[in-house]
Structures are given as C-alpha cells and as structure tokens.
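Trainee: coordinates only, sequence not included:
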C-alpha cells in the first residue's frame, strides 16, 4: 500500500492493520502529496527487486 500521511496521520497504520495482507506485503508512506512520486518509486523498486534478482540468478532461489 501507499499512504499519504498529511491527509490522515494514522493512514499508514490503517493500511498495515486493515488493507494489506499476505506474504511480502508492506506499506510505504509519503509525508505529503508532494512526496508521492518519491514514495511511489520506493514502493515500485521494493516490489520489483526480488523479481529482478530472480531473473539474474534463477537457480539461486531454488537452493536451500
């Protein structure tokens, strides 16, 4: 999830408690709407990094 805290300081906690779920789920918070683009890029990188690493070393994920 991506929460903008200036609208509601408790929004990040709400996302963690009520919206996101499942393995690997997380919340990225932007302080203000002006910070949204940077927060979105952080979120996107975090979502894609495991997939990119898997493509670079596909067998590494299979080893114990």
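Mentor: Yep, it's here. Just so it is clear, the structure is predicted and the values come from calculations on it, not from any experiment.
Trainee: okay, now residue 9: neighbour count?
Mentor: A count of nearby residues for residue 9, using other CB atoms under 10 Å, gives 11. Glycine gets a C-beta too; all of them are placed from N, C-alpha and C.
Trainee: just the one 5 residues further on next, same as before
Mentor: A total of 13 residues lie near residue 14 under the criterion other CB under 10 Å.
Trainee: surely it is in a strand?
Mentor: No - assessed with DSSP: H, G, I helix; E, B strand; the rest coil, residue 14 is helix; it does not lie in a strand.
Trainee: from here on, call the first residue 554.
Mentor: Fine by me, first position is 554 from now on; the one you just mentioned is residue 567.
Trainee: right, and residue 592 touches residue 581 too?
Mentor: Yes - taking contacts as CB atoms under 8 Å, residue 592 lies within contact range of residue 581: 5.1 Å.
Trainee: common neighbours of the two, please.
Mentor: residue 555 (CB atoms under 8 Å, 6 or more residues apart in numbering).
Trainee: does residue 579 sit in a helix, a strand or a coil?
Mentor: What three-state DSSP gives for residue 579 is coil.
Trainee: how many neighbours does it have?
Mentor: 12.
Trainee: and it, what does it touch?
Mentor: Residues in contact with residue 579, defined by CB under 8 Å, 6+ apart, are 554, 573, 599.
Trainee: of the residues you listed, buried ones?
Mentor: Neighbour counting by 16 or more other CB atoms under 10 Å classes residue 554 among these as buried.
Trainee: filter the contacts of residue 579 down to the ones in helices?
Mentor: When DSSP state H is applied, these are split such that residue 599 fall in helices.
Trainee: minimum pLDDT in the contacts of residue 579, which residue is that?
Mentor: Lowest pLDDT of the contacts of residue 579: residue 554, 84.
Trainee: for it, give me its contacts.
Mentor: Residues in contact with residue 554 (CB under 8 Å, 6+ apart) are 568-569, 572-573, 578-581.
Trainee: of the residues you listed, select the buried ones using a ChimeraX command.
Mentor: Buried subset of the contacts of residue 554, written as a ChimeraX selection, criterion 16+ other CB under 10 Å:
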select :568,569,580,581
